[in-house]
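**Student:** Would you be able to build a 3D model of this:
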Amino acid sequence: MKSILNRRNTALSGAPSRILAVAHDAATQRAVASEAASRAPQSAADSADSAVTPPETSIEIESRGEPAAGAAMPPEGAGGPRPVSTLHPVPVMPAHLNGRPVQIADGAAFEALHAADEFMTFRVYRCFAYTVSLFFHPSTLGYFVALHQESVLWRALKANDLDAAGSAFHLMQEQATRLADGETRRVQLVAQNVELTRQIEESEAQAERLRVDLQRHAEQEQTATGRQHQVRKEVALLEAQRIAAQAQLNKAHRALHQLKVATSEGVPHLHAR
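**Tutor:** This next block holds a predicted model:
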């Protein structure tokens, strides 16, 4: 029994341990190798203890080789996961325009100042239902840019100088123009449809006039044909009447000539002196 234990200790101290193969990284392998090297000079002293204390299992070595939960993460070159930076919310309206401070104004306060007629209007842009205005507040030397939809306040900005207010005004002007693109297209389409309807009505009316003209022409042509036929009949009848009258006239002329001749026979012939 003792010889078997000695051979076991000799294999553990001198021969390479198979338990080291379960280490997952280079740091764990170095730790296990140094531990094995430090254990080699004391193999004789530990031979008695090894019979009582069992060797470490692979599970214990793995748990010892893995870093603790609170340990620092390895550097990026060691292959560890990279830290994720914290995300911060981004405001919808930028806090600065062209390096000049622009802030979102309180809607109720703006409407109160506007109702009290404390603003001076510098610029106004209207596009269908949207209106962008640039106001100056003399009491505070501040500038306000407001966007209204159907005369209802939608958004108001406050600036400390005219340049920043002008930049905000141009931004809102572009926004109002984009919002009114659909309205612009709708108005254009309505006008185009009205124009097309007018052209269709004019074309149909012109076509109807042409049909009426063609029908009138056909009726007049038919009437003229019938009239010509009637005229030819009348002309033929009149020609026959003329021939009959001419014959009667010739007969009357002959009878008259005969009567004149008969009358002339009863008159004596007188010789001129």
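**Student:** Which parts of this protein are helices?
**Tutor:** For the chain, the helices defined by DSSP state H cover 2-13, 26-39, 43-52, 58-65, 107-115, 162-179, 181-265.
**Student:** so which of these is the most packed in?
**Tutor:** helix 162-179 (a mean of 18; mean count of other CB atoms under 10 Å). C-beta: built from backbone N, CA, C; applies to glycine.
**Student:** Okay, angle between that helix and helix 181-265 too, please.
**Tutor:** 50 degrees (axes from the mean of the first three to the mean of the last three CA atoms, to 10 degrees).
**Student:** Quick one: residues in contact with helix 162-179.
**Tutor:** For helix 162-179, contacts defined as CB atoms under 8 Å, 6 or more residues apart in numbering pick out 97-98, 100-102, 122-123, 125, 127, 130-132, 134, 143-145, 147, 155, 157, 159.
**Student:** Just the buried ones from these, in ChimeraX syntax?
**Tutor:** Those of these that count as buried under 16 or more other CB atoms under 10 Å are selected in ChimeraX with:
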select :97,100,102,122,125,127,130,131,132,134,143,144,145,147,155,157,159
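**Student:** Which of the contacts of helix 162-179 fall in strands?
**Tutor:** 97, 100-102, 122-123, 125, 127, 130-132, 134, 143-145, 147, 155, 157, 159 (DSSP state E).
**Student:** Tell me where the model's unsure across the stretch 151-273 of the chain.
**Tutor:** Residues of the stretch 151-273 of the chain meeting the criterion pLDDT under 70: 266-273.
**Student:** mind running it again at 90?
**Tutor:** By pLDDT under 90, the weakly predicted segments of the stretch 151-273 of the chain are 151, 257-273.
**Student:** circling back: okay if I get the helices of the chain as TSV plus distance to residue 138?
**Tutor:** Listed next are those as TSV, based on distance: least, CB to CB, whole Å:
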stretch	distance to residue 138
helix 2-13	94
helix 26-39	72
helix 43-52	94
helix 58-65	76
helix 107-115	11
helix 162-179	13
helix 181-265	35
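**Student:** and of those, who's closest to residue 139?
**Tutor:** Residue 139 sits nearest to helix 107-115 of all those, at 8.8 Å, using CB to CB.
**Student:** so what secondary structure elements neighbour the closest one?
**Tutor:** strand 142-149, strand 152-159 (3 or more CB pairs under 8 Å, 6 or more residues apart in numbering; DSSP states H and E).
**Student:** Let me have those strands in CSV, extended by distance to residue 208.
**Tutor:** Listed next are those as CSV, based on distance: least, CB to CB, whole Å:
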stretch, distance to residue 208
strand 142-149, 47
strand 152-159, 50
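**Student:** where's the spatially closest residue to residue 158 that is not a sequence neighbour relative to residue 141, distance?
**Tutor:** Computed as CB to CB, 6 or more residues apart in numbering, the closest residue to residue 158 that is not its neighbour in sequence is residue 105, at 4.1 Å. Counting by CB to CB, to the nearest Å, the gap from residue 105 to residue 141 is 15 Å.
**Student:** Sounds good, over and out.
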